[in-house]
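K.L.:
pasting a predicted model and its sequence here:
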2 protein chains.
Amino acid sequence: MTTREKVQVREVGLRDGLQMVQTILSTEQKLEWCRRMVDAGSVEIEVTSFVPPKIVPQFADAAEVARGALEIPNLHAAALVPNLKGAQRAIEVGLRKVHYVLSASNEHNLKNVRRTTAESVEDFRRIVVERDAGGSTSRSVTLGAGVATAFGCTISGRVEESTVLGLVETLLEAGADEITIADTVGYANPGQVRALMRKVLAITKDVPVACHFHDTRGLGLANVVAALDAGVRSFDSSLGGLGGCPFAPNATGNINTEDTVFLLESEGLDTGIDINALLAIRETIAGWLPGEPFTGAIARAGLPKTFDLREAVVA
Amino acid sequence: MTTREKVQVREVGLRDGLQMVQTILSTEQKLEWCRRMVDAGSVEIEVTSFVPPKIVPQFADAAEVARGALEIPNLHAAALVPNLKGAQRAIEVGLRKVHYVLSASNEHNLKNVRRTTAESVEDFRRIVVERDAGGSTSRSVTLGAGVATAFGCTISGRVEESTVLGLVETLLEAGADEITIADTVGYANPGQVRALMRKVLAITKDVPVACHFHDTRGLGLANVVAALDAGVRSFDSSLGGLGGCPFAPNATGNINTEDTVFLLESEGLDTGIDINALLAIRETIAGWLPGEPFTGAIARAGLPKTFDLREAVVA
């Protein structure tokens, strides 16, 4: 019996998913979602977003969710932060992991956080300085940096590889502990992913790198395959495919967690996650979010009969 | 300016798609669909199926559709045949291309055509003999052979690579002019596709090879990427994702033509097909087939702004 290579699936449904839905879940529902994901084998969850509550009322309970998530055993709880203030709140509440995000497309960044990409880079530098100036708990916080619209932008169109690679270098130099490359608007194609991610991995070396794909134009899982080819072993996904971006029309749809786990396990990789448990959680969440669009091929068609033979099938 | 590599997209919506729908289209509607596909740049279309009309009433007009299709300029019209009788009818009507299909899974073959896979192989040998014994027109007919359930079967589960490769060798030796490897029930995953198709291409050498994927479990386009990696340059797809297999529960959904063309063009390959024209045909067909499930990410989300820059984007 061979040990399968590990691959990480980071759940972003509670953040990227919930920012797009009509219903505001209770803090207890969000924590129940987290607990059940951990029981299903999920390790890292982006549990909330420290955006101004006036902008996204869904995240008005960010601090409570974060505090509750910190009490769940075996969970690496992370939160998204769009600026210094958000990072301060996340670190103050005791989160061990904070994800900062900026857009490679300056126009998208202006729409999303009302400042230029260059200003967001400066903001990230301030976050690093602030973290390092804090106590030992603050200093040990992992600061991830994400580059959104890395494969193109619905507002400005094409995004140059050199822009993305330059940002990655700048963020690493500023002190990013992890890098996420995001196709925020669902523009990426496999050839582009393979080419860019090879170059990103050549720059990041030992710094962990994740990809964040949307399935807007049907290529989400094909892009995962391309990123795997390039060497990426960490992916964001959203239970039931919930999610999107308020400034990317029709960009609803992070890649679906159940289908992503199915793909990765079929490829012979070890996610540690039980798909049937995911399907059960999905049913619960769908009951909490009436009228929201849930996607998912495995939820519809079921696992193949051959799925449990996958180690034998994948030569 | 570089010349892009060609890739073939074979439309099977009129065959694999229509065998699953409730509405019976008129012969004229089917021919209108063909004509518009050719105008959009499609070259090869499986225009009908020579199955017994009692089994699939949709194809009672197979001979009329074939005759009409033969009059459409620039169209390579093909038809599916499940047995010797079907092949005789297709050749008699004057089709230049006939696709025979059998299942690697014996159980699936029994359900589908009521005989064993070995009996279907013998049937194919008789078709070749009959074609070669005919006049010069008959002798010049291209006989394709497809291996269905090549990646697993909803009835019998796992299908061995060696079974598929053995069938390919037998079919080539029997005189097949083309080979199609089909994931009839949507069980394939990219690793499996890459591994199997490399071995198939090593056997087939100069004989053209196509892949036929279903998107049942969300991996249809990821499997196209894997097959491209292996060297395959011909794919079956269905406009609007119509289609399935009557003996594969929930297996509805050939890969969608619009999305497949989008993927291939995004990868820098030349399909010769205009996606916007496909979307217009799709609208017409959807009007003819009320209540049928049409899939398609591009139809929903539109092309990326960057699509026309694809040659520049794909390095």
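P.N.:
Happy to help now that I have it.

K.L.:
so which bits of the stretch 51-200 of chain A are right by chain B?
P.N.:
For the stretch 51-200 of chain A, the contact set with chain B under Cβ under 8 Å from any Cβ of the partner chain comprises A:152-154, A:157-158, A:161, A:185-187, A:189-192, A:195. Heads up, the C-betas are built off the backbone N, CA and C, glycines and all.

K.L.:
and which of the residues you listed is nearest to A:Q8?
P.N.:
Taking Cβ to Cβ as the measure, A:Q8 lies nearest A:P190 of these, at 20.4 Å.

K.L.:
hmm, the closest one is touching A:G220, no?
P.N.:
No: when contacts are counted by Cβ atoms under 8 Å, A:P190 is not listed as touching A:G220 (10.5 Å).

K.L.:
and what about the residue nearest the centre of chain A, helix, strand or coil?
P.N.:
By Cα atoms, centre = their mean, chain A has its centre lying nearest to A:D236, at 3.7 Å. The three-state label given to A:D236 by DSSP: H, G, I helix; E, B strand; the rest coil is strand.

K.L.:
list the buried residues of stretch A:274-284.
P.N.:
Across stretch A:274-284, burial judged by 16 or more other Cβ atoms under 10 Å in any protein chain shown covers A:275, A:277-279, A:281-282.

K.L.:
just to revisit the earlier point, now, the most widely separated pair of the residues of the stretch 51-200 of chain A next to chain B?
P.N.:
Across those (Cβ to Cβ), the longest gap, 21.2 Å, separates A:T154 and A:A195.

K.L.:
out of those two, which sits in the busier spot?
P.N.:
Just comparing A:T154 and A:A195: by other Cβ atoms under 10 Å in any protein chain shown the higher neighbour count belongs to A:T154, 26 against 16.

K.L.:
do you know the pLDDT at the more buried one?
P.N.:
We have a pLDDT of 92 for A:T154.

K.L.:
report the contact partners of the closest residue to A:R139 other than its chain neighbours.
P.N.:
Distance criterion Cβ to Cβ, 6 or more residues apart in numbering or on different chains; nearest residue to A:R139, sequence neighbours excluded, is A:D132 at 5.8 Å. Listed by Cβ atoms under 8 Å, 6 or more residues apart in numbering or on different chains, the contact partners of A:D132 are A:138-139, A:175.

K.L.:
assumed A:D132 was part of a helix.
P.N.:
Yes: counting by three-state DSSP, A:D132 is located in a helix.

K.L.:
could you measure it against A:R194, distance?
P.N.:
Separation of A:D132 from A:R194 (Cβ to Cβ, to the nearest Å): 35 Å.

K.L.:
again, but for A:T260
P.N.:
Here the criterion is Cβ to Cβ. By it, A:T260 lies 18 Å from A:R194.

K.L.:
neighbour count for those two, which is higher?
P.N.:
Neighbour totals were compared for A:T260 and A:R194, and A:T260 leads with 28 against 24 (other Cβ under 10 Å).

K.L.:
show me what contacts that one?
P.N.:
A:9, A:221, A:224, A:235, A:237.

K.L.:
save these as TSV, and put in distance to chain B, pLDDT and neighbour count too.
P.N.:
Formatted as TSV, the contacts of A:T260 follow (distance: Cβ to the nearest Cβ, whole Å; pLDDT from 0 to 100; neighbours: other Cβ atoms under 10 Å in any protein chain shown):
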residue	distance to chain B	pLDDT	neighbour count
A:V9	15	98	24
A:L221	5	97	29
A:V224	7	98	27
A:F235	13	98	27
A:S237	12	97	29
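
K.L.:
and the two most separated of those residues?
P.N.:
Greatest spatial distance in the contacts of A:T260: A:V9 and A:L221, 12.5 Å, computed using Cβ to Cβ.

K.L.:
the stretch 201-315 of chain A: helices as residue ranges?
P.N.:
Remark: helices assigned in the stretch 201-315 of chain A by DSSP state H, counting those that start in this stretch are A:220-230, A:257-266, A:275-288, A:297-301, A:310-313.

K.L.:
report the angle between the first one and helix A:257-266.
P.N.:
Relative orientation of helix A:220-230 versus helix A:257-266 (axes from the mean of the first three to the mean of the last three Cα atoms, to 10 degrees): 40 degrees.

K.L.:
and what of the longest one?
P.N.:
Here helix A:275-288 runs at 170 degrees with respect to helix A:257-266, directions being taken by the same axes, to 10 degrees.

K.L.:
ok, helix A:275-288 near chain B or not?
P.N.:
No: judged by Cβ under 8 Å from any Cβ, helix A:275-288 stays clear of chain B, getting no closer than 11.1 Å.

K.L.:
list of residues touching that helix?
P.N.:
With Cβ under 8 Å, 6+ apart as the criterion, helix A:275-288 contacts A:13, A:23, A:25, A:29, A:32-33, A:36-37, A:39-41, A:239-240, A:242, A:257-258, A:261-262, A:265, A:292, A:294, A:296, A:298-299, A:303.
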